[in-house]
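next one to model:
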Amino acid sequence: MHLKHLFGSTAVFQTLLLLAVPTSAQDVPGQSIEDDWAPTPFTDFTDNILFYPEANAVNWHTLYARTLQLPDESLLITWENYPLEPPLVNHPIWKSDDGGSTWYNYSQIEDQVNGWGMRFQPFLYSLPVDFGGYAAGTILAAGVSSPFSLEGGVWIELYASTDLAQTWEFVSHVAYGAGPETTANGDKALWEPFILLYNGQITVFYSDQTDPAHSQKLVHKTTDDLQTWSDAVADVAFARQADRPGMTTVAHIESTDKWILTFEYCGSGSCRVHYKVADSPLVFDAAEAIELHTNDSSVATGTSGPYVIWTPHPDRDDGSGLIIVSASNRDWVFVGEDNADPEGWKMVDTGHWSAYSRSLRVVTIKGQKKLLYGNGGNFGPGDMNSVACAVLPIPS
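Numbering: from 1, shown residues only. Below is the predicted model:
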């Protein structure tokens, strides 16, 4: 998490500030573009701005978009939103019924227990099986609740929807930090939850500043019932106290039954993207951290905000697949084979601009597998820092 007005200038902020932003964005307060330009429904497209922040929104107006697909192929998207307060900030849920072409305001995840608001890094996950008293298909949402002042504590919270995201109920507190919610070394902050079901347990991965031995480390907690959570277990923690791994995302490499975790490694000023591969998502701590780079003359690297997925290969029927990684500093994506060979990555042009922690999801559009890109803001000019998406063929 790198927010300049809260935490001071960083190399990451300078990099992200230079990312391209669309010149067509207009300052239309908090509305969809359903009655404005939109791509043809159920087609491939890039650079589709679906939400313009309010004119008086603070900070960077939006950040950190996350998506989900419902059983009827409709799409959901949420993000960090920064309107003036009060009322308390929440995580908006917008919906598309036409393959991501047009979107509308559908619901919101509100803080029901702290009186603080739902402030940072929402994440959506659909239960694939009955779990913890909730039926398969229930949508879980994790996010960071913190006061506007960032003082007084922080919770990673878990909410649930049993009606396909129309309404939400509080489930449990996942993790607590005493605050302040900043990236200053020594502040007891928490960031960036990521949900996964594995081996009969729900796991929440997140970034943790509560251990004095580490400015920040990556950890996970597990639960059998969505109410009682285990102690935090380390996934990435470096010996130097000032080092800051952050922003966990995890994918299952189904063809090899391995797991891959991506993260940014902020310790030498650049926050380059790294990854680990393990036999289980619960044992990443013992795995080697590998820097992500292409194996070509440019040796391109990714910086900040990675997101990883695995998908069956679009051009093969042998069970093999592809690992795809997005990084905040590049429009292009990194594509690797199932073995995650450090020298086997290449870059593929998406034609769609990047964003801070741009998300990836394989979705089905009219029966065809596509890659959905979800963009929150990118620290650019406020009146252009909108929410956008793209639907494209799976790169290979």
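
distance of residue 238 relative to residue 207?
Using Cβ to Cβ, to the nearest Å, residue 238 is found at 13 Å from residue 207. (C-beta placed from N, C-alpha, C; glycine too.)

swap in residue 172?
Distance, residue 172 to residue 207, using Cβ to Cβ: 19 Å.

and these two? Which one has more around it.
Neighbour tally, residue 172 and residue 207, criterion other Cβ atoms under 10 Å: the higher count belongs to residue 207, 27 against 18.

identify the residues contacting the more buried one.
1, 190-192, 216-219, 245-248 (Cβ atoms under 8 Å, 6 or more residues apart in numbering).

where do the strands of the stretch 51-200 of the chain begin and end?
In the stretch 51-200 of the chain, the segments counted as strands under DSSP state E, counting those that start in this stretch are 62-69, 75-81, 91-96, 104-109, 118-126, 139-145, 154-161, 169-177, 190-198.

of all those strands, which lies closest to residue 340?
strand 190-198 (17.9 Å; Cβ to Cβ).

CA atoms of the closest one as PDB?
The C-alpha trace of strand 190-198 is given here as PDB (Å, rounded to 0.1, in the frame of the first residue of the first chain):
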ATOM      1  CA  LEU A 190      -2.900  -4.300   7.900                       C
ATOM      2  CA  TRP A 191      -3.600  -4.400   4.200                       C
ATOM      3  CA  GLU A 192      -4.700  -6.300   1.100                       C
ATOM      4  CA  PRO A 193      -6.800  -9.400   2.000                       C
ATOM      5  CA  PHE A 194      -7.000 -12.200  -0.500                       C
ATOM      6  CA  ILE A 195      -9.400 -15.100   0.100                       C
ATOM      7  CA  LEU A 196      -8.900 -18.800  -0.900                       C
ATOM      8  CA  LEU A 197     -10.600 -22.100  -0.100                       C
ATOM      9  CA  TYR A 198      -8.000 -24.900   0.400                       C
END
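
how many neighbouring residues does residue 227 have?
12.

in stretch 331-341, what's buried?
The neighbour-count check on stretch 331-341 (16 or more other Cβ atoms under 10 Å) flags 331-338, 340 as buried.

in those, find the pair that's most separated.
Between any two of the buried residues of stretch 331-341 (Cβ to Cβ), the greatest distance is 24.7 Å, for 331 and 338.

excluding sequence neighbours, find me the nearest residue to residue 89.
Sequence neighbours aside, residue 117 is the residue nearest to residue 89 in space, at 4.1 Å (criterion: Cβ to Cβ, 6 or more residues apart in numbering).

how is the chain divided into domains?
According to automatic domain parsing, the chain comprises the domains 1-61+74-93+351-396, 110-241, 243-349.

tell me how far the shortest one lies from the chain's centre.
I take that to be domain 243-349. 14 Å (Cα atoms, centre = their mean, to the nearest Å).

likewise the second one?
Its chain's C-alpha centre lies 13 Å from the corresponding centre of domain 110-241 when counted by Cα atoms, centre = their mean.

tell me the mean pLDDT for it?
Domain 110-241 shows a mean pLDDT of 98.

distance between the ends of that domain?
Taking Cα to Cα, to the nearest Å, domain 110-241 runs 35 Å from one end to the other.

can you check the shortest one too?
The stretch domain 243-349 measures 31 Å between its terminal residues, going by Cα to Cα.

can you check stretch 245-262 too?
10 Å.

per-residue confidence averaged over that stretch?
Here the average pLDDT along stretch 245-262 is 98.

pull out the buried residues from that stretch.
245-251, 253, 255-256, 258-262.

out of the domains of the chain, nearest to residue 102?
domain 1-61+74-93+351-396 (4.3 Å).

check the burial of the residue nearest to residue 194 when sequence neighbours are not counted by counting its neighbours.
With Cβ to Cβ, 6+ apart as the criterion, residue 194 has its nearest non-adjacent residue at 4.4 Å, and that residue is residue 205. When neighbours are counted by other Cβ under 10 Å, residue 205 registers 27.

what sits against residue 205?
Neighbours of residue 205 in contact, by Cβ under 8 Å, 6+ apart: 193-194, 196, 218-220, 235, 248, 250, 261.

which helix or strand contains it?
strand 201-208 (DSSP states H and E).

what residues sit buried inside that strand?
201-208.

phi, psi of the nearest residue to residue 327 once chain neighbours are set aside?
Nearest non-adjacent residue to residue 327, counting by Cβ to Cβ, 6+ apart: residue 302, 2.9 Å away. In terms of degrees, to the nearest 10, the main-chain angles of residue 302 are phi -100, psi 150.

run a quick neighbour tally on residue 302.
The burial count for residue 302: 28, using other Cβ under 10 Å.
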